[in-house]
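[1] Using only what follows, build the 3D model:
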Amino acid sequence: MMINFQKTKPHFFLLSIGILFASCLSNVDEVEELDPCDAITFSVDVKPIIDSNCIQCHGTGGNFPNLTTYTGVSTNATIVKTEIVSKRMPQGGSLSDAEIQAISCWVDAGALNN
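    This next block holds a predicted model:
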């Protein structure tokens, strides 16, 4: 009986090491997949920022571009991003770094109506 245990001991050790490495690899993949931009949506994140900071001047009958609708914002998404990243807009106010990042992520992801 002692002989059988001695023969299986190396196999058990190798199996244990393999399981340990496999579990570490799966944890690494989960960490790499997290991207804060994945959760940004137009309706929840971008539209409230635009409504609070931009449509006073860029609303119906205001300055170009009209940002009151998704179409108006998405059509001009690159312009909006450029102006807020450079901090030229909004005039007389400012967006937080988190707000700028949210709009930038949304534009970079294709300015989807989500």
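[2] Using the record's assignment, carve the chain into domains.
    Recorded structural domains for the chain (assignment: automatic domain parsing) are 2-34, 37-108.
[3] mean pLDDT for those domains: which is lowest?
    With a mean of 60, domain 2-34 has the lowest mean pLDDT of the domains of the chain.
[4] in stretch 37-56, what's buried?
    For stretch 37-56, a neighbour-count test (16 or more other CB atoms under 10 Å) marks 40, 42, 45, 46, 47, 49, 50, 53, 54, 55 as buried. All C-beta spots, glycine's among them, are computed from the backbone N, C-alpha and C.
[5] Tell me both backbone torsions, phi and psi, for residue 78.
    phi -70, psi -40 (degrees, to the nearest 10).
[6] what about it, neighbour count?
    As a burial measure, residue 78 scores 11 neighbours (other CB atoms under 10 Å).
[7] again, but for residue 97
    8.
[8] Just the pLDDT for residue 1.
    On pLDDT, residue 1 comes in at 49.
[9] One more: residue 35?
    On the pLDDT scale, residue 35 is placed at 82.
[10] and it, how far is that from residue 62?
    From residue 35 across to residue 62, the span is 35 Å (CB to CB, to the nearest Å).
[11] just residue 34 next, same as before
    Taking CB to CB, one finds residue 34 at 39 Å from residue 62.
[12] Among the buried residues of stretch 37-56, which one lies nearest to residue 92?
    Closest to residue 92 out of these is residue 53 (10.0 Å), distances taken as CB to CB.
[13] close enough to count as contact, that closest one and residue 95?
    Yes: contact criterion CB atoms under 8 Å: residue 53 and residue 95 qualify, at 6.2 Å.
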